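Colleague: what follows is a predicted protein model with its sequence.
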Amino acid sequence: MSEASAGAAGREHRLRERFGDGAHGARLHPIAPVDAEIFHAPRFWVLVLLAMAAALLQATLLHGVAIRGGRLSLLTVLIVWTGLRCGVTTGGWLGLIGGIFEDALGGGGVNVLGATLAGFGAGLLSRRFFSDSIPVFAGAVAATTLLRTLANYAVIELAFGERGMFHRMSHEMLWQIVLNVFAAIVVLLVLRAASHAPRSRS
């Protein structure tokens with residue numbers, strides 16, 4: 001037997017030992033199952049309830065909490081997370097419903113467009129990025145806060161005819177980005193901790 005034939009036979013023997021005999025054998029060393037560490041998104045109706053709770057919290061307890069005019073938007077953080085985790089359709093629908101509820105609590109019709117675009121845009125990012133990456137999530141929240149501010153400004157200028165709002169809104173937006181990004185990082189760290197928490201086995 002030639003050296004090449006002997007080497008091929010040796011490799012075949014090692015493969016059979018490792019993976020089984022194909023027709024007969026299952027693997028001799030099966031891979032042990034590993035518990036999933038990914039936090040699965042709740043059902044859509046739960047996300048809707050969370051969006052309503054976030055908008056209600058913003059309109060009540062968090063309404064007076066601001067840094068140089070910039071207010072925390074938990075709804076924006078939730079919409080971005082949903083879009084990154086669940087995709088364009090779920091993110092867009094949650095943005096629409098959340099924006100409507102936000103306007104019903106005092107937004108006056110300004111928020112629905114920006115919130116819908118936020119969910120849709122975050123959903124587009126889900127095709128290229130992982131939602132559990134802190135830089136991706138924080139960057140998406142910052143970009144979405146900017147998008148929502150520009151959309152709100154366009155509605156105020158074009159639909160309501162109010163002028164001279166850009167300087168004030170842009171200043172408030174910068175601080176809102178800081179608050180939203182901070183909240184996004186905290187939320188993602190909490191979700192990671194929850195996904196890695198030991199589960200009770202029955």
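Modeller: Yep, it's here.

Colleague: only C-alpha atoms for contact and neighbour calcs from this point on.
Modeller: Noted.

Colleague: please report how far the most centrally placed residue in the chain lies from residue 196.
Modeller: By C-alpha atoms, centre = their mean, the mean C-alpha position of the chain lies nearest to residue 81, the distance being 1.8 Å. Distance, residue 81 to residue 196, by C-alpha to C-alpha, to the nearest Å: 19 Å.

Colleague: can you give me the helices for this protein?
Modeller: Applying DSSP state H to the chain gives helices spanning 3-19, 44-59, 74-86, 88-102, 111-125, 134-154, 166-196.

Colleague: pLDDT on the first one, on average?
Modeller: What helix 3-19 shows for mean pLDDT is 52.

Colleague: likewise the longest one?
Modeller: On average, the pLDDT along helix 166-196 is 86.

Colleague: could you give the angle of that helix to helix 134-154?
Modeller: If you take axes from the mean of the first three to the mean of the last three C-alpha atoms, to 10 degrees, helix 166-196 sits at 150 degrees to helix 134-154.

Colleague: buried sites along helix 166-196?
Modeller: 169-170, 172-185, 187-188, 191 (16 or more other C-alpha atoms under 10 Å).

Colleague: any weak-confidence spans in this structure?
Modeller: Along the chain, segments meeting pLDDT under 70 span 1-40, 131, 161-162, 164, 166, 197-202.

Colleague: swap the cut-off to 50 and go again
Modeller: Per-residue confidence for the chain (pLDDT under 50) gives these ranges: 4, 15, 18-38, 202.

Colleague: could I get the helices of the chain as JSON lines with distance to residue 160?
Modeller: Compiled in JSON lines, the helices of the chain are given as follows (distance: least, C-alpha to C-alpha, whole Å):
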{"stretch": "helix 3-19", "distance to residue 160": "69"}
{"stretch": "helix 44-59", "distance to residue 160": "22"}
{"stretch": "helix 74-86", "distance to residue 160": "23"}
{"stretch": "helix 88-102", "distance to residue 160": "17"}
{"stretch": "helix 111-125", "distance to residue 160": "13"}
{"stretch": "helix 134-154", "distance to residue 160": "9"}
{"stretch": "helix 166-196", "distance to residue 160": "14"}
